[in-house]
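In: Sequence and predicted structure, then a few things I'm wondering about:
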Amino acid sequence: MRVLVTGGAGYIGSHACQRLLRDGHTVVALDSLYRGHREPMDLLAAQFPERFSFVHADIGDAQAVRSAVDGADLDTVMHFGAVAYVGESVEDPIWYYRNNIGSAVTMLGALDQARDGRGVDRIIFSSSCATYGDPPEGMIPVPETCPQHPTSPYGRTKLHFEHILLDYAEMRARAGRPLALTMLRYFNVAGCDRSGLLGEDHTPETHLIPVAIQAARGKRPGMSIFGTDYPTPDGTCVRDYVHVEDLIDAHVRAAERVPPGAREAFNVGIGEGYSVRQILDSVRRVTGRDFEVTESGRRAGDAIALYNDPSKIRRELGWSPEVTDIDEVVSTAWSWFEKHPDGYKS
Ligand code: UFG
């Protein structure tokens, strides 16, 4: 395959580039570097000089998207480029819609016109379990058929873009240019590449596992649990933590197996839920350190409990996670932080 990876310099996008390159594919990563990092791009370029290139541009730059695709005759797009914090999206919804919808639609127009109007053959979209919001009773674990009622602007941007892609795929089918469309609804992505090259380096960092690791390392004075009065076994939110390399494996399988004309959505999560308190216990076990934890109020936009029913992805893509032990997920993240206490800059 010849793949455009949008958001390629981000946490998940960079892991996708690495896996595709290891598998022998050609990759062009496109990233505004607003939140992504140049360092992983340089590392991958050094390892795979023949098959990897990096374009410093925003997904809303139609010219850059089109010339990236045309320049390397790319046939596949893995679209990760987005802003992706639930809490932040509640604070600044317009910015979320501008990036995740406005710029993404511009990108889609450019992709459609590329390759002399043939467009790309495959699109794999990074959607989210946040599109489900709080599933109704009987829908946890969450199947793909669960009604989608997002509880945050972030989740709504992901759901709207799913609909936009479905409309686009319908047009392509009618025009006799069938597109292979896959929407992967991620649960909580965690951990780092097990070879130790790539990591998770967000500014600001808000994700539970890296925040807890920073607290364990003394990089922050402590941390808070956002909400202890949820209707869950220990009162804290429950999530499904899928290892980033397993997540990327789902993308590769989708690219290989979803045929032209098909429009598929798959959930990607291991099928087991862990509460915030259970994650903090895992971080204490893995790091051997204790840290200050306070209990505070609920964070706006948070769903109560979300974990996956992995039946469909297992059945149709033959996917199953290699990393199922939460301590192993946490320990891959911990190893990277040990080597890079200040992220990629260190
Ligand atoms: N949490 C805390 N304290 C912290 C950070 C997080 O208690 O300092 C809690 C959150 O309230 C939540 C859980 O830990 O209950 C997980 O929070 P994260 O911020 O790590 O992840 P989210 O569940 O908010 O978000 C993730 C992805 C999104 C995706 C969403 C779906 O980052 O892209 O899951 O729920 F949309």
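Out: Ah, there it is. Treat the numbers as computed from the prediction; the structure is a model and nothing was measured. Residues are numbered from 1 along each chain as shown.
In: Contacts only, for L166.
Out: Listed by Cβ atoms under 8 Å, 6 or more residues apart in numbering, the contact set of L166 reads L181, R263. For every residue, glycine as well, the C-beta is placed using N, CA and C.
In: mind redoing it with 6 Å?
Out: R263 (Cβ atoms under 6 Å, 6 or more residues apart in numbering).
In: How about the backbone phi and psi for it?
Out: Reported as degrees, to the nearest 10, the phi and psi values for L166 are phi -60, psi -40.
In: Could you do A62 as well?
Out: Torsion angles, degrees, to the nearest 10, at A62: phi -60, psi -40.
In: burial measure for it, as a count.
Out: Applying other Cβ atoms under 10 Å, we find 19 residues neighbouring A62.
In: Buried residues, the worst-scoring helix or strand of the chain on mean pLDDT. List them.
Out: Among the helical and strand segments of the chain, the one scoring lowest on mean pLDDT, DSSP states H and E is helix 86-91, with a mean of 92. Buried residues in helix 86-91, defined by neighbour count with 16 or more other Cβ atoms under 10 Å: V86, E88, S89, V90.
In: Same question for stretch 305-321.
Out: Residues of stretch 305-321 classed as buried by neighbour count (16+ other Cβ under 10 Å): A305, L306, Y307, N308, D309, P310, K312, I313, L317, W319, P321.
In: for these, which one is nearest the ligand?
Out: Closest approach between the buried residues of stretch 305-321 and the ligand, by Cβ to the nearest ligand atom: L306, at 5.4 Å.
In: still on that earlier bit, also near the ligand: which of the buried residues of helix 86-91, exactly?
Out: Contacts with the ligand are made by V86 out of these, judged by Cβ under 6 Å from any ligand atom.
In: Just give me the closest of the buried residues of helix 86-91 to the ligand.
Out: Nearest to the ligand among the buried residues of helix 86-91, with distances taken as Cβ to the nearest ligand atom, is V86, at 4.4 Å.
In: Excluding sequence neighbours, find me the nearest residue to the closest residue to the ligand within the stretch 51-200 of the chain.
Out: Residue nearest to the ligand within the stretch 51-200 of the chain: A130 (3.2 Å; Cβ to the nearest ligand atom). Closest residue in space to A130, ignoring its immediate chain neighbours: G155 at 3.4 Å, by Cβ to Cβ, 6 or more residues apart in numbering.
In: Tally up the residues packed near the one you found, please.
Out: G155, neighbours per other Cβ under 10 Å, totals 24.
In: Begin at 654, not 1, for the rest of this chat.
Out: Renumbered: residue one is now 654, and that last one reads G808.
In: Am I right that it falls within a helix?
Out: Yes - assessed by DSSP: H, G, I helix; E, B strand; the rest coil, G808 belongs to a helix.
In: Pretty sure it sits against C782.
Out: No - contact criterion Cβ atoms under 6 Å: G808 and C782 do not qualify, at 8.5 Å.
In: all helices of the stretch 754-903 of the chain, in order?
Out: Assigned by DSSP state H, counting those that start in this stretch, the stretch 754-903 of the chain shows helices spanning 757-770, 806-827, 861-870, 897-910.
In: I'd like to know which of the ones you listed lies nearest to L933.
Out: For L933, the closest of these is helix 861-870, at 5.7 Å, according to Cβ to Cβ.
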